[in-house]
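>>> I need the structure of the sequence given here:
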Amino acid sequence: MFYSLVIAVLNRPDEVRECLDSLTLQTYKQFEVLIVDGSQDDALKLLVMGFAEKLDIKYFFIKGLGPGESRNYGCEQAKGDFLVFLDSDCIIPAKYLEIVENALNVNPLDAFGGPDAAHESFTPIQKAISYTMTSIFTTGGIRGKKRRIGQFHPRGFNMGISRKVFEVTHGYSSLRAGEDIELSMRIIRAGFKTGLIPEAYVYHKRRTTLKKFFRQVYRFGVARINIYKLYSNELKVTHFFPAAFLIYCVIMVLSLFFLQDLFELMADFLCFYILAIFIDSSIKNKSIYIGFLSIVTTFIQLFGYGWGFLKNFWSRIVMKDSNGVKI
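So this is what the prediction gives:
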């Protein structure tokens, strides 16, 4: 099978170089790479075309498109049987496409997704963020290797769809966040078969600062309500967890001044949760330092997502604002 790897890019030339370097090492060679650039940076074009002798690669500059629309444009130029979406900040293991090819030959899928992992070269902050994004204590492990109950919803950082799926669904919507989840929902509703390929992981470089990470998860929280407005049955109890955690912490702080016994009880539960994260992350990352950082990134993720979720919940559902919170 021939694969078209579609990568939407906005700046990040160093990360793009690492991504393309990793693709030159693929053991399975039947693929092309399509870079859709919205950064208006000639240096990035020169960088990409510098790989022309090592990869079957095409570069497109399209101004003003969102991430989903950029990927759609790449798909329209692609010639592959399968269209694979990768984030520009991913490092792709050498056997990634070989694993995908073998898996699809054994169990044909219309759309697949794979997990993400932290590479040993990542910074401590990136490893802590990676843990937080994949831990059973924060996301339920959905972004890691845990299989979802029901049909799997692939995510855009590591996601493949057949050409038929693209032709039927017309690809991504114009959403600026949550566009991959929304596409997965339409794929499943159209009757296509989706699945997780656990071994087809990518090394996903996370945000390099805690401030950037907060902005990212805030957008995720806002996007979840936007998706709910499109698909009302897709808002699950687990999606309320970050907002509930934020409210829990606020109530706990307030109880310090009015209900001391309640404060102590709530603080005890929070301490157990923090300790579990610290121990689990320290063991998995073989670093006490990353264990401590994981506590910080967990609070940032839950507070950021929870605040975006609550803010847009109030705007779109309570106040019935059709536009909602801007992302």
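
>>> got any ranges where the stretch 1-150 of the chain has weak pLDDT?
In the predicted model, the stretch 1-150 of the chain carries pLDDT under 70 at residues 40-41, 140-150.

>>> all strands for the stretch 151-300 of the chain, in order.
For the stretch 151-300 of the chain, the strands defined by DSSP state E, counting those that start in this stretch occupy 158-162, 194-196, 202-204.

>>> dump the longest one to PDB, restricted to CA.
In PDB, the C-alpha atoms belonging to strand 158-162 read as follows (Å, rounded to 0.1, in the frame of the first residue of the first chain):
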ATOM      1  CA  ASN A 158      -1.000  10.200  14.600                       C
ATOM      2  CA  MET A 159      -3.900   9.300  12.400                       C
ATOM      3  CA  GLY A 160      -4.600   7.600   9.100                       C
ATOM      4  CA  ILE A 161      -7.600   7.400   6.900                       C
ATOM      5  CA  SER A 162      -8.300   5.600   3.600                       C
END
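
>>> okay, the strands of the stretch 151-300 of the chain in TSV with distance to Ile136 next?
Every C-beta, even on glycine, is put in place using the N, C-alpha and C of the backbone. Listed next are these as TSV, based on distance: least, Cβ to Cβ, whole Å:
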stretch	distance to Ile136
strand 158-162	19
strand 194-196	16
strand 202-204	18
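
>>> in CSV: these, plus mean neighbour count and distance to Pro115.
Formatted as CSV, the strands of the stretch 151-300 of the chain follow (neighbours: other Cβ atoms under 10 Å; distance: least, Cβ to Cβ, whole Å):
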stretch, mean neighbour count, distance to Pro115
strand 158-162, 25, 7
strand 194-196, 20, 7
strand 202-204, 23, 8
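
>>> distance to Gln301 and mean pLDDT for these - can I get that in a markdown table?
Compiled in a markdown table, the strands of the stretch 151-300 of the chain are given as follows (distance: least, Cβ to Cβ, whole Å; pLDDT from 0 to 100):
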| stretch | distance to Gln301 | mean pLDDT |
| --- | --- | --- |
| strand 158-162 | 19 | 96 |
| strand 194-196 | 22 | 94 |
| strand 202-204 | 15 | 92 |
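
>>> residues contacting Glu32?
The contact partners of Glu32, taken as Cβ atoms under 8 Å, 6 or more residues apart in numbering, are Phe2, Tyr3, Ser4, Leu5, Leu55, Asp56, Ile57, Lys58, Ala78, Lys79, Gly80.

>>> and if you look at Leu104?
Counting by Cβ under 8 Å, 6+ apart, Leu104 has contacts Met1, Phe82, Phe112.

>>> off-centre distance for stretch 212-221?
Stretch 212-221 has its average C-alpha position 11 Å from the chain's average C-alpha position, going by Cα atoms, centre = their mean, to the nearest Å.
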